[in-house]
Each structure stands twice: as structure tokens, then as C-alpha cells.
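**Student:** Quick one: sequence and predicted model below, then my questions.
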Amino acid sequence: MGFREEIERLKKEKDAFIIAHYYQREEIQEVADFIGDSLELSRRCKEIPNKIIVFCGVYFMAEIAKVLAPEKKVLIPYRNAGCILADMATPDEVLELKRKHPEAKVVAYVNTYAEVKAVSDVICTSANAGEVIEKVDAHEVIFLPDGNLAAYHGKRSGKRVIPWAGYCPVHNRITWDTIERVKKRHPDALVIVHPECPPETTERADFVGSTSQLVRFVAESSHGKFIVGTEKGTLYMMRKAAPDKTLLLPDPEPLCDQMKMITPERLLRCLKEEVYEVEVPEEVAEGARRAIEAMFRL
Ligand code: 13P
Ligand code: SF4
């Protein structure tokens, strides 16, 4: 039996639903029941009727599934698939900064662990960060952990945004140079990038958006050629959504090794042996849920 058939058989047998982020390997996206950006994935987690949710993404994403659907068994095919950006903020550091800025509200990017979410006021994702900063009930906002995202939205909002010194190593390497190398050969290409890229890139790009927003932009644009400034995996769904478009990547190509730790072999083992189960202590989950629900309300 091939990989796809085996996965389909196990999904039925175990009553499992596979959810995957755009940065997953193509083989994984092919067998997923739902693919989306962080905002869509967290919304979808609340509606899954199956007994088991298999989260093909990095650990903080699987944690959100458990926080929002605590009655489900949530599995991640590889426990050590982490996010380097999420590692850059701890709850103690957040509490210390809160003490220094007692008037400020803490807006935590979704790329944080549940313990950090639990000490934050509201969560945001790359799809709604600007809106959350605008709508949160404070003039001063502590935005963490991504400094590039804070700079991008801070400049566009009427608020004082206190940044954090975190960054995603994959997106932070998408400098304007890495785009220009490709743009020189394709001057007619539109440049579309993720807001985790450095300001020199987001300020010059033709469009800035979350992974889903980038996919939609390509599908709906009348333009035929794009340089896509985000992780390479996004091109899989982009090609499906817009098969006739030319899609190029910066040079060098952006790759998130952490996302690629979810392999077909690990996914098979995950379904067969029901490993690795994601657990979030209820007192932490409660705080994280409050901050995520605050985002949904905004
Ligand atoms: P999106 O929410 O845009 O999918 O981004 C998630 C992420 O990890 C970006 O590096
Ligand atoms: Fe984290 Fe960056 Fe990988 Fe996204 S691309 S999961 S922010 S390390």
C-alpha cells in the first residue's frame, strides 16, 4: 500500500483529521484535510468533529489546537518541531516588561508558546496584526516577539508600539538583496512578502501579507509573475490556486527546517502509534484561551 492509501486507511480507522500549515512538505500537504495560515488553522481547530487532530506544523500551532479543543486528542508527528521565533519570548520576560509599562496592553503574535499567551492580553496573527493593534484598548502596545512585524505595523498605526528583539531567522534573511538578485532577471515580477521579513523588504514590496493572503493575492491578481518572499512550501498551494502563474523565490530560497521535520514516515508513525500527544496544563490553557478568544472578539 502506498503512503497516501495508508494514511487514508489510518485516518478512517482512528477517526483522525489532518491539519497542516503551508510550510509543510508537499507530501504532507497532499494528505491534509485542511491547509491554512495560523489564523485559519486556529479557527478550524474549534470545528473539527473527529476524535483525533493530527497537527502537521510546529509545536506552538499544535498547542493552539489543544487549547481550543481540549476534549480532543491532539497529536504532532514530531515533538521537537519548534519555532525559533517562539523560543525568543518567555513568560518572565513578558511580565518584567509589563511592569515597566503598566499602561500598555500586550499583543502576542501567535508564534509564542501557550505560557506566553497566558500572560498576554490578546493574540494576533500575521493576517490581522494591524487590526488587533488598532483595536486593542490602549495607546501603548507591547508587541512580541517579532520585531519586524512590530516595526511594520507600528509605523502604520497611531499607537506607540514597544517592540521585542525577536525575529524569524527564515524571514529575516529575506533581505532586499535576495529579492533583487531575482528581480534583475525578472523586472516584470511583482514582489509579495510576509510581514516577518525585515523593513528594507516590506517597505519596498508590492504586497505584504500572511501566507493565505499571499496565496489569494496571486490567485486574484491580473499579474502573471511574482517573487514570493516567504517559506518555499507556500508555492505548493499557490501553484494549485494559480496554475498559469510564474512563481519565483528569493535567492537563496527561504526554507524552515523546523517545519520540514514533519516527514511522511513520522506522520505514518504518528497515526499508527498515536504519538506525540500534545498536553497543555489547564491553568495555562485557560489563560491562553482567554487571549486567543480576545483576538476572535476583536
Ligand atoms: P502565517 O500565519 O502567515 O501562516 O505565518 C506563520 C509563520 O510561522 C510564518 O513564519
Ligand atoms: Fe517559526 Fe520562522 Fe519557521 Fe515560521 S518560518 S515556523 S516563524 S522559524
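**Tutor:** Looks like it arrived, so ask away. Residues are numbered from 1 along each chain as shown. Ligands and ions are numbered 1, 2, ... in the order given.

**Student:** Which positions in the stretch 151-298 of the chain make contact with ligand 2?
**Tutor:** 168, 170-171, 231, 256, 258-259 (CB under 6 Å from any ligand atom). Placement of C-beta: from N, CA and C, glycine included.

**Student:** try 8 Å
**Tutor:** Selection of the stretch 151-298 of the chain residues close to ligand 2 by CB under 8 Å from any ligand atom yields 168-171, 196, 231, 254, 256-259.

**Student:** taking those residues one by one, which sit in helices?
**Tutor:** 169-171 (DSSP state H).

**Student:** Among those residues, which one lies nearest to ligand 2?
**Tutor:** Distances from ligand 2 to those, taken as CB to the nearest ligand atom, are shortest for Val170 (4.1 Å).

**Student:** how's this protein carved up into domains?
**Tutor:** Per automatic domain parsing, the domain ranges recorded for the chain read 3-82+259-283, 85-167+286-297, 174-248.

**Student:** End to end on the shortest one, go ahead and measure it.
**Tutor:** The reference is to domain 174-248. 13 Å (CA to CA, to the nearest Å).

**Student:** What helix or strand is the closest residue to Ala285 other than its chain neighbours located in?
**Tutor:** Leaving out its chain neighbours, the residue that sits closest to Ala285 by CB to CB, 6 or more residues apart in numbering is Val67, at 4.8 Å. Using DSSP states H and E, Val67 maps to helix 59-68.

**Student:** what separates that helix from the chain centre, distance-wise?
**Tutor:** In this view, helix 59-68 has its centroid 12 Å away from the chain centroid, taken as CA atoms, centre = their mean, to the nearest Å.

**Student:** Give the rounded mean pLDDT of that helix.
**Tutor:** Per-region confidence: helix 59-68 scores 97 on mean pLDDT.

**Student:** hang on, the earlier thing: between the ones in helices among the residues of the stretch 151-298 of the chain next to ligand 2, which is nearest Arg297?
**Tutor:** Nearest to Arg297 among those, counting by CB to CB, is His171 at 28.4 Å.

**Student:** That closest one: what's it in contact with?
**Tutor:** Residues in contact with His171 (CB atoms under 8 Å, 6 or more residues apart in numbering) are 148, 194, 196-198, 229-231, 254.

**Student:** Just give me the closest of those to Cys270.
**Tutor:** For the contacts of His171, the nearest to Cys270 is Glu231 (21.8 Å; CB to CB).

**Student:** residues touching the closest one, list them.
**Tutor:** Taking CB under 8 Å, 6+ apart, we find Glu231 in contact with 22-23, 170-171, 194, 211, 254-256, 259.

**Student:** now Leu190
**Tutor:** Residues in contact with Leu190 (CB under 8 Å, 6+ apart) are 206-207, 221, 223, 225-227.

**Student:** and what of Asp137?
**Tutor:** Residues in contact with Asp137 (CB under 8 Å, 6+ apart) are Lys105.

**Student:** how close does the most centrally placed residue in the chain sit to Tyr113?
**Tutor:** Closest to where the C-alpha atoms of the chain average out (CA atoms, centre = their mean) is Ser38, at 4.2 Å. Counting by CB to CB, to the nearest Å, the gap from Ser38 to Tyr113 is 14 Å.
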